[in-house]
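Visitor: next input, structure requested:
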Amino acid sequence: MNVYEAIEKRRSIRAYKDQPVEQEKLDRIFEAVRKAPSASNRQEWRFVVVRDAGLRQELMRAASQQSFVATAPVVIACCAETDGHVMKCGQPCYPIDVAIAMDHLTLAAVEEGLGTCWIGSFNEAEVKAILGIPEKIRVVELLTLGYPDAMPSPRTRKSLEEIVCYDRWSL
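Guide: Residues are numbered from 1 along each chain as shown. This is a model prediction of the structure:
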């Protein structure tokens with residue numbers, strides 16, 4: 001599979017098989033994550049890989065009661081150990097860098113026959129308490145990971161003409 005095929009096959013999976021994810025696959029996925037670029041090579045991203053069913057149930061409650069969070073065999077707390085560095089453009093580094101690493105993760109997961117879903121609806125303080133994450137660490141996103149039980153149809157996407165212009169803003 002090439003990167004374009006992985007991008008085409010990636011879906012937000014909300015139904016998972018009751019099948020554990022092999023450690024070898026996790027290792028390969030996180031090796032891809034480790035190679036993600038980051039601002040000034042800060043590599044602020046940190047990940048808590050949750051396989052324990054009881055903890056996943058607690059995370060489901062912290063994630064707005066989204067039931068598929070508890071049924072995914074893996075939930076990943078995508079975090080940042082940040083010094084608050086802001087790029088010259090005015091954007092904080094850590095949420096962008098974590099998102100880039102997560103994108104590497106989701107595409108590597110597709111290559112491994114796995115599915116993922118980004119979770120932005122969660123209570124950060126509750127997630128930190130459940131997983132023992134220190135106060136200074138930011139939880140940027142949660143991500144479910146596992147073998148898809150159902151593959152959703154592709155969602156509609158805007159046309160290139162709606163999202164891309166060249167040389168000057170013309171949208």
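Visitor: show me which residues of the longest helix along the chain are buried.
Guide: For the chain, the helix with the greatest residue count under DSSP state H is helix 93-111. Residues 93-95, 97-98, 100-102, 104-111 are the ones in helix 93-111 that count as buried (16 or more other C-beta atoms under 10 Å). All C-beta atoms are positioned from the backbone trio N, CA, C, and that covers glycine.
Visitor: tell me which helix or strand comes right after that helix.
Guide: strand 115-119 (DSSP states H and E).
Visitor: report the mean confidence score over that following strand.
Guide: Strand 115-119 shows a mean pLDDT of 96.
Visitor: ok, now stretch 11-21?
Guide: Mean predicted lDDT for stretch 11-21 stands at 94.
Visitor: alpha carbons only: can I get it in CSV?
Guide: In CSV, the C-alpha atoms belonging to stretch 11-21 read as follows (Å, rounded to 0.1, in the frame of the first residue of the first chain):
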residue,chain,number,x,y,z
ARG,A,11,-12.1,6.2,7.9
SER,A,12,-13.3,7.2,11.3
ILE,A,13,-14.1,3.8,12.9
ARG,A,14,-16.7,3.7,15.6
ALA,A,15,-17.3,-0.1,15.6
TYR,A,16,-14.5,-2.5,16.5
LYS,A,17,-14.1,-6.2,16.6
ASP,A,18,-13.4,-7.8,20.0
GLN,A,19,-9.9,-8.6,19.0
PRO,A,20,-6.7,-7.3,20.7
VAL,A,21,-4.1,-5.4,18.7
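Visitor: residues of that stretch that come out buried?
Guide: 11, 13-14, 16, 21.
Visitor: with stretch 32-48 instead?
Guide: 32-33, 36, 38-39, 44-48.
Visitor: of those, closest to Ala6?
Guide: Nearest to Ala6 among these, counting by C-beta to C-beta, is Ala32 at 10.7 Å.
Visitor: check which helix or strand covers the closest one.
Guide: Counting by DSSP H and E, Ala32 is part of helix 23-34.
Visitor: tell me the angle the helix or strand just after that helix makes with helix 93-111.
Guide: Later in the chain than helix 23-34, the nearest helix or strand by DSSP H and E is strand 45-50. With axes from the mean of the first three to the mean of the last three C-alpha atoms, to 10 degrees as the basis, strand 45-50 and helix 93-111 are set at 50 degrees to each other.
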